[in-house]
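Chemist: Next come a sequence and a model predicted from it.
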Amino acid sequence: MRFFHNFTNKFFDVQINLILIFALLLGNTAAAQSIDWKSPLRPCALKFSGNTAFDAIASDNEWLFALSTSTGLLSSYQTVPNADVQWELDLGSSIISNLEQDRTSLYVAAVTDGDPEVLSVRRISKLTGITSWQRDLPFADSYELQRNDNFLIALSTTSRTTLKIESGQIVSSEVPAQPNTVESHDRRPGTTAGEGRSIAVKTSNSDEIEITAVFSNDSLMFSGDKNGNISTTDISGTKNLWKYKAGGQISNFSLLDGGLLASSFDNFLYYFDQESGNLRWKKRFPFRLTDRPIMAGEVIIVSSAGNNRIFFLEKNSGKIINQISLREPLLLTAPPVFAADKLFIATNSGIQTYGQCEKTGK
């Protein structure tokens, strides 16, 4: 079903987008509330065509969007009833960011025209797969895309670019204050921080600190390094606020309800108060945490690429309330997402679905 690409009537596009927006008001929140995360989660009959290994997936509860960094293919699927392909878009082979979304659009950064020195971020219609704008970004080995009200923030370990969502106009492009010399390390496009994305910062005594994770909100900037140090500053990077020392490399950050989740190679997930840095809880897992946890209502879902287990935690206590073990030889390639009362899991053999489904025997 690729006829979406042929929409030309602007009035019709507006009507469809309005329908999409109203549907999304129920969105992921409704999906999260409709799943009993403490009850057994079983494989569901919903199947996706092909065995492509996707490296990033996102969903708005009606459609599922899957990105393969090895091929640069972005695909849109219906989540119900039959996982039909709606459209596909070839972005090129070098994807350098996560897959961000809002009610009507997707955002992704990639190498432009095969030139590794030229990078750009684009806004893509969820409905049609058509790019509405594309803007160049400062050179970096990878970007974290974050949506903030009317703006899209493209954050790397060396720059922070803010763009207007509607027009793509670049509002600001700045380098956070850093008194030391910064030198880029080679990284593989499309990998997680835990798989080799880092930046070397030379200190006054000539030692090198490799920054492996960065994240920000309106007022705070969070960074983590290869030695397990977590540092929090104001958004300009000039005022140090609090620090913490974990037992291994910091791979990812997530923000929720005034808290900061930090994933580490010491197998622990840490949950801090954003403002004070007070540790609310920490939880150990049987694998290195390379992927960012996701939120589903009051539940935190923890997974790691290259493993076959998914854990479900109570947000306030960190207590494990459920888990999934994929059958061999399936391994995760990206954090799961939830939509249409189901959990969608990207694996090395396509996308699997789990939920409160009838036993299928598979």
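Modeler: Thanks, I have the structure now.
Chemist: Show me which helix or strand of the chain is least confident by mean pLDDT.
Modeler: Least confident helix or strand, the chain: strand 181-184 with a mean of 31, by mean pLDDT, DSSP states H and E.
Chemist: so what secondary structure elements neighbour the helix or strand hosting T162?
Modeler: Here T162 sits within strand 160-164, counting by DSSP states H and E. Packing partners of strand 160-164 (3 or more Cβ pairs under 8 Å, 6 or more residues apart in numbering; DSSP states H and E): strand 151-155, strand 170-174. Backbone N, C-alpha and C define where each C-beta goes, glycine included.
Chemist: got any ranges where the stretch 51-200 of the chain has weak pLDDT?
Modeler: 81, 93, 114, 175-200 (pLDDT under 70).
Chemist: quick one, strands of it?
Modeler: With strands called from DSSP state E, counting those that start in this stretch, the stretch 51-200 of the chain shows them at 56-59, 63-68, 73-78, 85-90, 100-101, 105-112, 115-125, 131-137, 144-148, 151-155, 160-164, 170-174, 181-184, 199-202.
Chemist: Go through those and name the closest to F338.
Modeler: Distance to F338, taken as Cβ to Cβ, is lowest for strand 56-59 among the strands of the stretch 51-200 of the chain, at 7.2 Å.
Chemist: Neighbouring strands - and their directions - for the closest one?
Modeler: Sheet partners assigned to strand 56-59 using DSSP bridges are listed as strand 63-68 (antiparallel).
Chemist: from the chain's centre, how far out does the partner strand sit?
Modeler: Computed by Cα atoms, centre = their mean, to the nearest Å, the chain-centroid distance of strand 63-68 equals 12 Å.
Chemist: Need the CA coordinates for that strand. PDB is fine.
Modeler: The C-alpha coordinates for strand 63-68 follow below in PDB (Å, rounded to 0.1, in the frame of the first residue of the first chain):
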ATOM      1  CA  TRP A  63       1.800   3.000  12.800                       C
ATOM      2  CA  LEU A  64       5.200   1.500  13.500                       C
ATOM      3  CA  PHE A  65       8.300   3.000  12.000                       C
ATOM      4  CA  ALA A  66      11.400   0.900  11.600                       C
ATOM      5  CA  LEU A  67      14.900   2.000  10.500                       C
ATOM      6  CA  SER A  68      17.700  -0.200   9.300                       C
END
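Chemist: got the contact list for that strand?
Modeler: Strand 63-68 has contacts (Cβ atoms under 8 Å, 6 or more residues apart in numbering) with 52-59, 73-79, 83, 86, 91, 95, 99, 101, 106, 108, 126, 337, 339, 344, 346, 351.
Chemist: From the residues you listed, list the buried ones, please.
Modeler: Among the contacts of strand 63-68, those classed as buried by 16 or more other Cβ atoms under 10 Å are 52-59, 73-79, 83, 86, 91, 95, 99, 101, 106, 108, 126, 337, 339, 344, 346, 351.
Chemist: Okay, D36 and Q356: tell me how far apart.
Modeler: Separation of D36 from Q356 (Cβ to Cβ, to the nearest Å) stands at 6 Å.
Chemist: Which residue ranges of this structure form helices?
Modeler: 10-34 (DSSP state H).
Chemist: residue closest to the middle of it?
Modeler: Nearest residue to the geometric centre of the chain (Cα atoms, centre = their mean): N98, 4.9 Å.
Chemist: Hmm, I57 and that one touching each other?
Modeler: No - with contact defined as Cβ atoms under 8 Å, N98 does not count as touching I57 (10.6 Å).
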